[in-house]
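Trainee: sequence and predicted structure are below.
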Amino acid sequence: MSQVRIHNFSISLDGFATGEGQAADAPFGHAGERLHEWMFATRFWHEMVGGPGGSAGADNAFAERYGPGIGAEIMGAGKFGPPGWQDDPGYQGAWGPNPPFHTPVFVLTHRPRPSMRMEGGTTFHFLDATPGEALEQARKAADGQDVRIGGGPTVVRDFVTAGLVDCMHVVQVPIVLGRGVRLWDGLESLEESYDIEAVSTPSGVTHLTFTAKNR
Ligand SMILES: NC(=O)c1ccc[n+]([C@@H]2O[C@H](COP(=O)([O-])OP(=O)(O)OC[C@H]3O[C@@H](n4cnc5c(N)ncnc54)[C@H](OP(=O)(O)O)[C@@H]3O)[C@@H](O)[C@H]2O)c1
């Protein structure tokens, strides 16, 4: 069976995966870019945005696991766009005409719309469905490859709660946000169902890997 994976999911020391005040020009609200500065410094990211350079050390080794073997992504309405995007029938997502996914992407929303084929192999499909139903569709589209849960925190939490996630890579960044949307709220005793390892790197972040037991 294909795996369900989460990568590069960044949280503050107090567990927030996004700040307060999300908007088109502030996708992470008051957090700004601080949750992902570790990733922006890597070669993985430089390659993704089409430039040379970037660090090739431990942060990069974690970051570059994001793409290989992934055949589809599932994300929440809050990652797809700022609050209220559902009111704009022409809205095409936060990434422009050529989004960085290059696979089918299933956007969970209570206000679905027709699918949108973008440049570069990304097609957005909009689903009002339970996590299990969405995963069934994403698995079919992934055609034997793995499915990535792309976030945000509400959707990651829902998939973990439903017991659907096989591997989760969380990056704890040494900042305190104080407000926003937390990853961990309502989750309990994950250490019973996951092997958890922590590795800190010279950039100051801690990579946490959660690997489901007995699968
Ligand atoms: N830290 C990271 O690494 C990381 C990664 C990705 C994203 N983010 C950030 O996370 C934020 C978004 O996270 P979020 O927790 O606010 O929202 P989210 O998880 O992206 O989406 C939640 C929303 O998706 C819709 N939804 C969820 N489950 C559904 C279901 N089963 N059926 C139908 N609709 C469903 C609902 O929206 P509606 O009711 O409006 O349809 C719900 O409010 C953004 O700021 C983004 O930039 C952070």
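Mentor: Yes, it's here. Numbers count the residues shown, from 1 in each chain.

Trainee: immediately after the strand of greatest length in the chain, which helix or strand?
Mentor: Assignment by DSSP state E gives strand 4-12 as the longest strand of the chain. For strand 4-12, the following helix or strand on the C-terminal side (DSSP states H and E) is strand 16-18.

Trainee: for that following strand, packing partners?
Mentor: Here strand 16-18 touches strand 4-12, helix 153-161, strand 181-182, going by 3 or more Cβ pairs under 8 Å, 6 or more residues apart in numbering; DSSP states H and E. The way it works is simple: take the backbone N, C-alpha and C, and place the C-beta from them, glycine included.

Trainee: what strands flank it, and is each parallel or antiparallel?
Mentor: strand 181-182 (antiparallel) (DSSP bridges).

Trainee: nearest residue to residue 53 in space, please, no chain neighbours.
Mentor: residue 46 (5.1 Å; Cβ to Cβ, 6 or more residues apart in numbering).

Trainee: any low-confidence regions in this structure?
Mentor: Judged against pLDDT under 70, the chain has no low-scoring part.

Trainee: please repeat the previous calculation with a cut-off of 90.
Mentor: Within the chain, the ranges that satisfy pLDDT under 90 run 1, 49-51, 214-215.

Trainee: just the strands in it please.
Mentor: Applying DSSP E to the chain gives strands spanning 4-12, 16-18, 70-76, 104-108, 116-117, 123-127, 146-151, 167-173, 181-182, 194-200, 206-212.

Trainee: still on that earlier bit, helices or strands up against the longest strand of the chain?
Mentor: By 3+ Cβ pairs under 8 Å, 6+ apart, strand 4-12 packs against strand 16-18, helix 37-40, helix 58-63, strand 146-151, helix 153-161, strand 167-173.

Trainee: residues from the protein in reach of the ligand?
Mentor: Within the chain, the positions near the ligand by Cβ under 6 Å from any ligand atom are 9-10, 17-18, 22, 27-28, 35, 75-79, 108-111, 128-130, 150-155, 158, 181.

Trainee: on that earlier part again, contacting residues around the residue nearest to residue 53?
Mentor: 52, 53, 54 (Cβ atoms under 8 Å, 6 or more residues apart in numbering).

Trainee: how about the most centrally placed residue in the chain: what's its closest non-neighbour residue?
Mentor: Centroid check for the chain by Cα atoms, centre = their mean gives residue 150 as the closest residue, at 2.6 Å. Excluding the flanking residues, the one nearest residue 150 by Cβ to Cβ, 6+ apart is residue 75, at 4.0 Å.
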